[in-house]
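A.B. asks: Requesting a structural model of the entry that follows:
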Amino acid sequence: CAGGQSKDGLIVYNVSLVIVSWQRPLELARCMTAIGQLEGVGLQVIIVACKIGVQAAYSHQLSGQCLILETDEANVAKARNKGLASASAPLVAFIDDDAVPEPTWLKLLIAPFENIDIQMVGGQVLGRNGISQQWGQRFLTTWGESLNTPKQDTVVRTEGTNMAIRRKTLLHLNGFDPLFSFFHDDADLNMRVRDGI
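C.D. replies: Now for the predicted structure:
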């Protein structure tokens, strides 16, 4: 996709962006339009969607620049893993079909990876009005409790719709746990990144 650099006839990407979509073709199309306006990254876009999502993706003007994969199961973790399996960049970012990123979103999201010790990053999620906060900074206890302020033995929680991780780290952890079919797959991953398992 946009910004990929050619090296020996192969396209080299900075980031593989996985968009998961289930039964929301209009939202997916809007997300794709915003993805097409992202600035400053060599980007591989991978869309993993249900049948109607795949149809919507192929109908979009950005379709020729995307890898579009079909899934027949409403399982966000499995869909993200399917996208991961096709990712070729050293960083893998994730966004949901109902999100609309600003043009600088991905460039700012991946900036912390300049520090080689950083394995995973995330950011806030604003509401539909673009002002109110849907998800802010949160932390997880060992028992999976979500907190607004850190305590001893907590880990930063990233939101699946606004996060990126080193591909090698995610592969080492065998991706997302498919037992978390709808929610908390990202929280589970945060815990495993912290523990290295």
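A.B. asks: Would you mind measuring the gap between the ends of stretch 94-101?
C.D. replies: 11 Å (Cα to Cα, to the nearest Å).
A.B. asks: nope, stretch 30-47 is what I meant
C.D. replies: Length of stretch 30-47, first residue to last, Cα to Cα: 13 Å.
A.B. asks: now the strands: where do they sit in the chain?
C.D. replies: 5-7, 10-12, 15-21, 43-49, 66-70, 91-96, 120-122, 125-126, 133-135, 138-140, 146-147, 155-157, 163-166 (DSSP state E).
A.B. asks: ok, F180 touching K78?
C.D. replies: No: using Cβ atoms under 8 Å, F180 makes no contact with K78, being 9.8 Å away. (Each C-beta comes from the backbone N, C-alpha and C, glycine too.)
A.B. asks: For K168, give me its contacts.
C.D. replies: Applying Cβ atoms under 8 Å, 6 or more residues apart in numbering, one finds that K168 lies in contact with P90.
A.B. asks: Just the pLDDT for it.
C.D. replies: The model reports K168 with a pLDDT of 95.
A.B. asks: how far away is it from D153?
C.D. replies: In this view, K168 and D153 are 26 Å apart by Cβ to Cβ, to the nearest Å.
A.B. asks: ok, now N75?
C.D. replies: Taking Cβ to Cβ as the measure, N75 falls 30 Å from D153.
A.B. asks: which of these two has more neighbours?
C.D. replies: Neighbour comparison, N75 and D153: the larger count goes to N75, with 20 against 11 (by other Cβ atoms under 10 Å).
A.B. asks: I'd guessed the more buried one sits against S181; true?
C.D. replies: Yes: the pair N75 / S181 is scored as a contact, 4.2 Å apart, by Cβ under 8 Å.
A.B. asks: What are the boundaries of the helices in the chain?
C.D. replies: 25-35, 51-59, 76-86, 105-110, 167-172, 185-195 (DSSP state H).
A.B. asks: out of the ones you listed, which comes closest to A99?
C.D. replies: Closest approach to A99 among those (Cβ to Cβ): helix 25-35, 6.0 Å.
A.B. asks: next one: the closest one to chain centre, how far?
C.D. replies: In terms of Cα atoms, centre = their mean, to the nearest Å, the centre of helix 25-35 is found 14 Å from the chain centre.
A.B. asks: Need the residues that contact it.
C.D. replies: Contacts of helix 25-35 (Cβ under 8 Å, 6+ apart): 17, 19, 21, 43, 45, 47, 49, 52-53, 55-57, 59-60, 62, 66, 95-102.
A.B. asks: Just the buried residues of these.
C.D. replies: 17, 19, 21, 43, 45, 47, 49, 53, 56-57, 60, 62, 66, 95-97, 99-101 (16 or more other Cβ atoms under 10 Å).
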